[in-house]
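Q: Test case, fold it:
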Amino acid sequence: MNVEELIEELLNLVDKAWHPPLTRGHIMLDGEEVRQILEEIQSGLPDEIRQAKAIVADRSQIISDAKREAETIVRVAEERAKAMVNQNEIVKQAQQKSSEMLAQAQARFREMRKASNDYIDDLMRRTDEGLAANLAELRQTRQNIKASQKSGQS
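A: Numbering: from 1, shown residues only. Okay, the predicted model is just below:
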């Protein structure tokens, strides 16, 4: 089960809990069952954190690949230009073509970097929102359990 499903299970457990007579807002829960669910949630969080790290690693790989491709294009263009050095008109054409290829490679690299950054930002934003929502639900559930324990002790 993922963290969201475990939190849903915990909420269902709270919804189905026994309400002692003459108590208002208090419930009786199986502490071992609650503990087991909370431990599963706790063990599930590192998986989601590892997923976020993998997303960041993918971003780095995309940028690295784009840099290598741009460097290859530039190197090929430079090699062609050197081979044509002896012929004046051909040299001019090669320099122009090299500059165009370099500009294209740089433009493509910028586009790829922006696209990968946008993609990673979106994934990380969604992951952050999911984790924040899960954490908020977890904290609320924890407060409810503490409140029910305090009122149960009174």
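
Q: from the middle of its chain, how far away would whichever strand or helix holds residue 138 be?
A: Assigned by DSSP states H and E, residue 138 belongs to helix 88-153. Helix 88-153 sits 7 Å away from the centroid of its parent chain (Cα atoms, centre = their mean, to the nearest Å).

Q: Looking at that helix now, give me its mean pLDDT.
A: The pLDDT scores in helix 88-153 average 89.

Q: name the helices or strands packed onto it?
A: If you count contacts as 3 or more Cβ pairs under 8 Å, 6 or more residues apart in numbering; DSSP states H and E, helix 88-153 packs onto helix 3-15, helix 31-83. Glycine gets a C-beta too; all of them are placed from N, C-alpha and C.

Q: tell me the most buried of those helices?
A: Highest mean neighbour count among the helices and strands packed on helix 88-153 (mean count of other Cβ atoms under 10 Å): helix 3-15, with a mean of 16.

Q: So what touches that one?
A: The contact list for helix 3-15, computed with Cβ atoms under 8 Å, 6 or more residues apart in numbering, reads 1, 27, 29-30, 33-34, 37-38, 40-41, 44-45, 48, 130, 134, 137-138, 141, 144.

Q: how about 10 Å then?
A: For helix 3-15, contacts defined as Cβ atoms under 10 Å, 6 or more residues apart in numbering pick out 1-2, 27, 29-30, 33-34, 36-45, 47-48, 130-131, 133-135, 137-138, 140-142, 144-145, 148.
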